[in-house]
Structures are given as structure tokens and as C-alpha cells.
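Asker: attaching a predicted model along with its sequence, questions to come.
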Amino acid sequence: MSQEDIQDAISAAVTDATEAAVGETPGEIGRITWHEAMDRYGTDKPDTRFAMELVDLSAVFAGTEVKAFAARA
């Protein structure tokens, strides 16, 4: 079995379970790579229902004197 075969089987199981429990089809289950999840969300199990992607604020805090936000050397 390939990784895609396993993901397809799990997606089908989740879809079937949702249909049985709720009576509705949940729709397509999105897939992203581990690297994309880490880059965009900072976790390998992101909750993609909300727009909670990481944002680089280095430029905003570049001149701050607050040590918690200051750039590390």
C-alpha cells in the first residue's frame, strides 16, 4: 500500500462515519504536506477551519525595545 492508498482509506472511513452519525456528507477532506502544515500553521495537525496561519511580523517589531519581540542575534 502507498501513502495515498492509506489516506484514501482513512478519508473514506471518516466520510462514512460522519454520514452515519450526522446524516450528511462532510465533503472532501483536504490534504497538505507535513512541510506545508509546519510552514503555514506551525503544527503537523492544523485546524484549517479557521484562518489561523502564521504571519511573519519581524518587520513590524524590528525596532522594538520590548525584549520578548526583539530579533534574536
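Answerer: Alright, I've got the coordinates.

Asker: how about stretch 41-52 as PDB, C-alpha atoms only?
Answerer: What follows is stretch 41-52 as a C-alpha-only set of coordinates in PDB (Å, rounded to 0.1, in the frame of the first residue of the first chain):
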ATOM      1  CA  TYR A  41       0.400  26.700  10.800                       C
ATOM      2  CA  GLY A  42       3.400  25.800  12.900                       C
ATOM      3  CA  THR A  43       1.900  22.400  13.700                       C
ATOM      4  CA  ASP A  44       1.500  19.000  12.000                       C
ATOM      5  CA  LYS A  45      -2.200  18.800  12.900                       C
ATOM      6  CA  PRO A  46      -3.600  22.200  12.000                       C
ATOM      7  CA  ASP A  47      -7.300  23.100  12.400                       C
ATOM      8  CA  THR A  48      -7.900  24.500   9.000                       C
ATOM      9  CA  ARG A  49     -11.500  25.600   9.700                       C
ATOM     10  CA  PHE A  50     -10.100  28.900  10.900                       C
ATOM     11  CA  ALA A  51      -7.800  31.400   9.200                       C
ATOM     12  CA  MET A  52      -5.000  30.900  11.800                       C
END
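
Asker: please renumber the chain so that the first residue is 91 from this point on.
Answerer: All right, first residue 91 from here; so that's stretch 131-142.

Asker: could you check how far that stretch is from the centre of its chain?
Answerer: Taking CA atoms, centre = their mean, to the nearest Å, the mean C-alpha location of stretch 131-142 is offset from the chain mean by 3 Å.

Asker: domains in the protein, by residue range?
Answerer: Domain assignment for the chain by automatic domain parsing gives 93-121, 122-163.

Asker: need these in JSON lines (columns: mean pLDDT and mean neighbour count).
Answerer: To be clear about C-beta, it is placed using only N, CA and C from the backbone, and glycine gets the same treatment. Listed next are those as JSON lines, based on pLDDT from 0 to 100; neighbours: other CB atoms under 10 Å:
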{"stretch": "domain 93-121", "mean pLDDT": "92", "mean neighbour count": "10"}
{"stretch": "domain 122-163", "mean pLDDT": "87", "mean neighbour count": "10"}
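
Asker: check this protein and tell me which residue is nearest its centre.
Answerer: residue 136 (2.9 Å; CA atoms, centre = their mean).
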